[in-house]
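K.L.:
Sharing a model that was predicted from the sequence below.
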Amino acid sequence: MAEGSLVRMIARTLLSLPPPVLRLLSGGEAVHLGGRTLDPRFQFLAAQAARAPSLTAMTPADARRAASQGQKIYGGRPEPGVAATPASIATEGRDIPVQVYRPQDQDPQAPAIVFAHFGGGVIGDLETCHAFCGVLARIARAPVISVDYRLAPEHRFPAGLEDVLAAYRHVRDHAGDYGAPAGRAVIGGDSMGGNFAAVVCQELRRAGEPQPDLQLLIYPCVDVASETASMTTYAEAFPLGRATMEWFIGHYMSPQDDPADPRLSPIRELDLSGLAPAVVVTAGFDPLVDQGEAYAKALQAAGAPVIYRCYDGLAHGFTAFTGAVPCADVACREIAGLVREGLEGRIARAAG
């Protein structure tokens, strides 16, 4: 058995132990913070991570390798009934690598979903969200196009954002290539990918272009200019704490960038009217939980239809832990179901 497969088997065997045993191995007591109780499997993973080198002590290249190794251990298996095909999107400046997910029972009226993975704009790749994109494609019955955008510090802000925006426009304008209705698409992402998705909607409005059918924002980073209470409450959370957040932003932004720029902090946009309907999801044990909830409320106050869900016992990045944390897998399937419900309403209105 290969070393990686052995590590994966051992990790998953440990994580299958009963919750009381996992808590005992993690210090003996359940973790309660901010009125929430951490899932015992995430508690066990956090206890193990505390013994390992911190991401903040790594170079971006080393952090990418570590994240890739973790994904292989904790990520979910490929979703049955979904074909995943590598492709690329040609833009004026470069070809953007993507992965296209097509479900067997794709709804020809469902718009294509453009998705951007998490990673603070510094780490992550197409494998980071591979399992989740398969789940999203199958349950939403829609093609999903996952974008391998450029990463900092080699390519700082706004390079990654520009890639996602370009990919969205291409997919929208060539939707028939994916078996989807012409001129329509959905934008989504988690963490920094959620930041990109929120900003894409604002950029489209500034350009006078139609809004996406839906924006899917999963534990989005929407404010790098200030701190909410959750940044203190969950400052030591796993896998994202305050120090890790600062490490990401330090690599992603250049010294001359203004944190209050709405392209960095979309919640700072003064006018949020006219933006796409939104599904906004947060994790309870996450420094970003307050800002995600605040953005959902701001969108709703500005007139956008919004569905908001907080998975109190889960931690940031849970879309990448579906193979090891059953509650994370359930959450991802629920999120995909919310997207499908939102699309069914849009499809019905378009048909009428």
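P.N.:
It's in.
K.L.:
Let me know whether residue 251 touches residue 60 as I believe.
P.N.:
Yes - with contacts counted by CB atoms under 8 Å, residue 251 reaches residue 60, the gap being 6.0 Å. In this view, the C-beta of every residue, glycine as well, is placed from N, C-alpha and C.
K.L.:
so what sits against both of the two?
P.N.:
Common neighbours of residue 251 and residue 60, counting by CB atoms under 8 Å, 6 or more residues apart in numbering, are 122, 152-153.
K.L.:
Which of those residues sits closest to residue 201?
P.N.:
For the shared contacts of residue 251 and residue 60, the residue nearest residue 201 by CB to CB is residue 152; the value is 22.1 Å.
K.L.:
Which pLDDT value belongs to that closest one?
P.N.:
Confidence at residue 152, expressed as pLDDT, is 98.
K.L.:
host element of the nearest residue to residue 211 once chain neighbours are set aside?
P.N.:
Using CB to CB, 6 or more residues apart in numbering and skipping residues adjacent in sequence, the residue nearest residue 211 is residue 276, 4.2 Å away. Residue 276 is part of no helix or strand when elements are defined by DSSP states H and E.
K.L.:
tell me what the strand or helix carrying residue 98 is packed against?
P.N.:
Using DSSP H and E, residue 98 sits in strand 95-103. Here strand 95-103 touches strand 82-90, helix 130-140, strand 144-147, helix 159-173, going by 3 or more CB pairs under 8 Å, 6 or more residues apart in numbering; DSSP states H and E.
K.L.:
Make TSV from these and add distance to residue 30 and mean neighbour count to it.
P.N.:
What follows is these, written out as TSV (distance: least, CB to CB, whole Å; neighbours: other CB atoms under 10 Å):
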stretch	distance to residue 30	mean neighbour count
strand 82-90	36	14
helix 130-140	27	26
strand 144-147	35	29
helix 159-173	37	22
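K.L.:
Any chance of the ones you listed in JSON lines with distance to residue 318 and mean pLDDT as columns?
P.N.:
Listed next are the helices and strands packed on strand 95-103 as JSON lines, based on distance: least, CB to CB, whole Å; pLDDT from 0 to 100:
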{"stretch": "strand 82-90", "distance to residue 318": "20", "mean pLDDT": "96"}
{"stretch": "helix 130-140", "distance to residue 318": "9", "mean pLDDT": "98"}
{"stretch": "strand 144-147", "distance to residue 318": "17", "mean pLDDT": "98"}
{"stretch": "helix 159-173", "distance to residue 318": "21", "mean pLDDT": "97"}
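K.L.:
of the ones you listed, which approaches residue 105 most closely?
P.N.:
Among these, helix 130-140 sits nearest to residue 105 (CB to CB), with 8.1 Å.
K.L.:
buried ones in stretch 319-339?
P.N.:
For stretch 319-339, a neighbour-count test (16 or more other CB atoms under 10 Å) marks 319-325, 327-329, 331-333, 335-336, 338-339 as buried.
K.L.:
Kindly report the same for stretch 295-302.
P.N.:
295-296, 298-300.
K.L.:
now do stretch 272-283
P.N.:
Of the residues in stretch 272-283, 272, 275-283 count as buried by neighbour count, 16+ other CB under 10 Å.
K.L.:
Just the endpoints, please. Distance across that stretch?
P.N.:
From its first residue to its last, stretch 272-283 covers 23 Å (CA to CA, to the nearest Å).
K.L.:
what mean pLDDT does that stretch have?
P.N.:
98.
K.L.:
could you pull out the helices for the stretch 1-150 of the chain?
P.N.:
Using DSSP state H, counting those that start in this stretch, the helices of the stretch 1-150 of the chain run over residues 3-15, 19-25, 40-49, 60-74, 130-140.
K.L.:
list the helices and strands the second one packs on?
P.N.:
In this structure, helix 19-25 packs against helix 3-15, helix 40-49, with contacts taken as 3+ CB pairs under 8 Å, 6+ apart.
K.L.:
at 6 Å what do you get?
P.N.:
Helix 19-25 is packed against helix 40-49, with contacts defined by 3 or more CB pairs under 6 Å, 6 or more residues apart in numbering; DSSP states H and E.
K.L.:
Check which helices and strands the helix it packs on sits against.
P.N.:
Against helix 40-49 (3+ CB pairs under 6 Å, 6+ apart) you get helix 19-25.
K.L.:
Provide the contact partners of stretch 100-112 at residue level.
P.N.:
Outside stretch 100-112, the residues that touch it by CB atoms under 6 Å, 6 or more residues apart in numbering are 81-85, 87, 133-134, 137-138, 141-145, 171, 175, 178-180, 184-186, 213, 343, 347.
K.L.:
So what's the gap between that stretch and the chain middle?
P.N.:
Its chain's C-alpha centre and that of stretch 100-112 lie 20 Å apart, by CA atoms, centre = their mean, to the nearest Å.
K.L.:
buried ones in it?
P.N.:
For stretch 100-112, by 16+ other CB under 10 Å, it's 100-103, 106-107, 109-112.
K.L.:
ditto for stretch 16-30
P.N.:
For stretch 16-30, by 16+ other CB under 10 Å, it's 22-23, 26.
K.L.:
a markdown table for those residues, including distance to residue 311 and pLDDT?
P.N.:
Converted to a markdown table, the buried residues of stretch 16-30 look like this (distance: CB to CB, whole Å; pLDDT from 0 to 100):
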| residue | distance to residue 311 | pLDDT |
| --- | --- | --- |
| 22 | 18 | 88 |
| 23 | 19 | 91 |
| 26 | 19 | 89 |
